[in-house]
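Participant: any chance you can model this:
(chains A and B)
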Amino acid sequence: MLTQAPHETNPAKIVTSSGFKLYQKLISPSQGDVCNFSPSCSHFAMESIEKHGIIWGTLMASDRLQRCNPWALGSFDKYYAGIKDRKIYDPINNNYIWHNQKRQ
Amino acid sequence: MTITILLLICQAELFEPQNMLKFAEHCYAQEDYAAALHEYRRYLFLSDSAGEEIYERIIECLTRLGRYHEAINESENINDINKRNYFRGLAFFTAGEVDSSRTYLHCVAIPYENDARKLIGLGYAYEFNFDEAANYIDLPQNKPSYKEPALGALLSLCPGGGQFYAGRFGDGLYSFLLVGTAALLSYYYYDRDEDIKFGFTLGAAIILYAGNIYGGINSVRNYNYYENEKYLQEILEVK
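Facilitator: Residues are numbered from 1 along each chain as shown, chains lettered A, B, ... in the order given. Here you go, the predicted structure:
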């Protein structure tokens, strides 16, 4: 029997994830595919808040927004995990400072 | 029917175990491990006496095909405990289970001891535990130069400082401009008594500033990770 995913009960998480979903539905399509990263900044923010809570998630999202700049592509081979779907691959786990980075 | 039997008789040499072994060796040399594995197993089935080296080859084929757990099971057929432990350790090592590989490799003695020590050292190097790795293998002289995440955080008190410290000049400059613009905007609205706009821009400035400090730590942390990675690549090139 399939089990249902638990519903989110934290109001702050509900508000932020609704905000990001609205952004993805209404604003993002008009801008086109402009984010330098994979996952995109909005997906990264949603996932990081979902995974690490509102405080750490917001900090991670804010950091990512500041890294998503015109110079990011110049240093993809130095600081990032590589290229995925023609974008810089930058998964959440590589950016959570309490996560012990290990080689896969 | 008769023709088929005749053909089989004519090609009986194909079913000679020695020829099977030759073909298996050929496949192995050609790096066609799936075919080699098949032939080695056929040889084992048909030959009366097969040496342990056939099991070694089978384990090597399975390891190269990524069938690590089958390789570990296959190592049961090796009677020499020393060799068995070495091959088990090797299979676990190749599977990425470095911790388990050490359990077996530590029990290996001469003649496999040197190879086992090399694998143990490389295992520690894969875990970026270079001090421990140095007890088992020779490491290149130019050790990684780490930076302090705490200093990155401290320098980020001036927006972009941590990123500059980690060598990410573009990110540092962008952070500085972003945080500075948000702070200036909030001051502008505060000066004009536009409370709602002031509240929004102040909130944005605080979030960006906190994110900049987090980014300072994160960029130093990533810098250290890639230093480790670079050093590991040097070790692998030497080995």
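Participant: the spatially closest residue to residue B:81 that is not a sequence neighbour: neighbour count?
Facilitator: Spatial nearest neighbour of residue B:81, chain neighbours left out: residue B:107 (7.8 Å); criterion: CB to CB, 6 or more residues apart in numbering or on different chains. For glycine as for every other residue, the C-beta is placed from the backbone atoms N, C-alpha and C. Using other CB atoms under 10 Å in any protein chain shown, residue B:107 has 15 neighbouring residues.
Participant: chain B versus the residue minimising distance to the centre of chain A, what's the distance?
Facilitator: Nearest to the mean C-alpha position of chain A, by CA atoms, centre = their mean, lies residue A:44 at 0.7 Å. Taking CB to the nearest CB, to the nearest Å as the measure, residue A:44 falls 12 Å from chain B.
Participant: which helix or strand contains that residue?
Facilitator: helix A:41-67 (DSSP states H and E).
Participant: quick one: buried residues of that helix?
Facilitator: Across helix A:41-67, burial judged by 16 or more other CB atoms under 10 Å in any protein chain shown covers A:41-42, A:44-50, A:52, A:54, A:56-67.
Participant: got it, and stretch A:14-31?
Facilitator: A:16, A:17, A:20, A:28.
Participant: also stretch A:88-98?
Facilitator: So, applying 16+ other CB under 10 Å, buried residues of stretch A:88-98: A:88, A:90, A:92, A:94, A:95, A:96, A:97.
Participant: return the residues in contact with the fifth one.
Facilitator: Neighbouring residues of residue A:95 by CB atoms under 8 Å, 6 or more residues apart in numbering or on different chains: A:48, A:60, A:63, A:64, B:218, B:222.
Participant: for residue B:55, state which of these is nearest.
Facilitator: Closest approach between these and residue B:55, by CB to CB: residue B:222, at 44.3 Å.
Participant: next, the closest one: phi, psi?
Facilitator: The phi/psi pair for residue B:222 (degrees, to the nearest 10) reads phi -70, psi -40.
Participant: separation between it and residue B:230?
Facilitator: Noted for residue B:222: a distance of 12 Å to residue B:230, by CB to CB, to the nearest Å.
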